[in-house]
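Visitor: Got a predicted model here, sequence first, then my questions.
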Amino acid sequence: MKYIFLPGVNDNETDIDGFIRLVNDITPSYRELLHVIISRDCIDMSPLNERTLAMMARLYTGAEERYTIGFSSDGVLSDDEARRLTQKIEDARQKEI
């Protein structure tokens, strides 16, 4: 499954949590086959804002325990965005502990 982030459209808690519920509702026998890919709108490659990065971290940490999760290989993040996202993922993991 792939979640394509559209800043200002689906980068909010309701949509992210709904997607996580959707993948969690998949029949358990298929879970080991499920891969979750995080991507972004390839038409709009303007820098991602902090909210979108925070929602990417929310999706990543919400799915990583059950599924193989990764990022699209189509240049989804700049080096700076990747660094900031990594920090947000670590922060989210710390909040869960």
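Guide: Yep, that arrived.
Visitor: So which elements touch the helix or strand of the chain at the bottom of the mean pLDDT ranking?
Guide: Taking mean pLDDT, DSSP states H and E as the measure, the chain has strand 68-71 as its least confident helix or strand, at a mean of 84. With contacts defined as 3 or more C-beta pairs under 8 Å, 6 or more residues apart in numbering; DSSP states H and E, strand 68-71 has these neighbours: strand 35-40. (C-beta placed from N, C-alpha, C; glycine too.)
Visitor: Same question for the strand it packs on: list its buried residues.
Guide: For strand 35-40, the neighbour count (16 or more other C-beta atoms under 10 Å) marks 36, 38, 39, 40 as buried.
Visitor: what's the answer for stretch 44-54, then?
Guide: In stretch 44-54, the ones that count as buried by 16+ other C-beta under 10 Å are 48, 52, 53, 54.
Visitor: just curious, which of the residues you listed is nearest to residue 15?
Guide: Minimum separation from residue 15 among the buried residues of stretch 44-54 (C-beta to C-beta) is found for residue 52, which lies at 11.5 Å.
Visitor: how close does the closest one get to residue 93?
Guide: 19 Å (C-beta to C-beta, to the nearest Å).
Visitor: Show the contacting residues for residue 50.
Guide: Listed by C-beta atoms under 8 Å, 6 or more residues apart in numbering, the contact set of residue 50 reads residue 84.
Visitor: quick thing: my sequence starts at 354, can you match it?
Guide: Okay, residue one is now 354; in that scheme the one you just asked about reads as residue 403.
Visitor: Quick one, grab the pLDDT at it.
Guide: Per-residue confidence for residue 403 comes out at a pLDDT of 95.
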